[in-house]
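Enquirer: What follows is a predicted structure for the sequence shown.
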Amino acid sequence: MSRGTAAAWAAGFATLFLFVVVGPYRRGDVASWWGILVAVLVLLGIAALRVPLLGTGLGAGAPLVLAIVVVLALLLDVRRLGARS
C-alpha cells in the first residue's frame, strides 16, 4: 500500500469518525457507540493480520494505540449513553 493510499484511507476514516462523534454520538445515540467500537475493532483486526499474513509487525503499533484510546474513551462514556436509553 502506498503512503498516498494510506493517507487517503486515514483521512476518510477520520472524517467518518468525526461525523459520527459530532452528530449522533453527541446526541446520545447508542448505535453510534457500537459503530465506533466495531470500526476500531475491525481496524485493529486488520492491522493484527499483518503479522501472520505479511510476516511483519511494522505498522501494527499505531492501530493498537488508537484502539486502546478509543475503547477507553468509549468505556468512560458508557453510563451517559446508558442513562438516555
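Expert: Alright, I've got the coordinates. Numbering: from 1, shown residues only.
Enquirer: And residue 10, how far from residue 29?
Expert: In this structure, residue 10 and residue 29 are 25 Å apart, going by Cβ to Cβ, to the nearest Å. C-betas here are computed from N, CA, C, even on glycine.
Enquirer: out of the two, which sits in the busier spot?
Expert: Regarding residue 10 and residue 29, a neighbour count based on other Cβ atoms under 10 Å identifies residue 29 as having more, with 15 against 11.
Enquirer: Residue 11 - how many residues pack around it?
Expert: When neighbours are counted by other Cβ under 10 Å, residue 11 registers 10.
Enquirer: Can you tell me which helices and strands the host helix or strand of it packs against?
Expert: Here residue 11, judged by DSSP states H and E, is contained in helix 3-20. Here helix 3-20 touches helix 30-48, going by 3 or more Cβ pairs under 8 Å, 6 or more residues apart in numbering; DSSP states H and E.
Enquirer: Just the residues contacting whichever helix or strand comes after the helix it packs on, thanks.
Expert: Past helix 30-48, further along toward the C-terminus, the next helix or strand under DSSP H and E is helix 50-54. Residues from elsewhere that reach helix 50-54, judged by Cβ atoms under 8 Å, 6 or more residues apart in numbering: 56-60.
Enquirer: Show me how to select, in ChimeraX, the buried members of those residues.
Expert: In ChimeraX, this line selects whichever of those come out buried by 16 or more other Cβ atoms under 10 Å:
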select :60
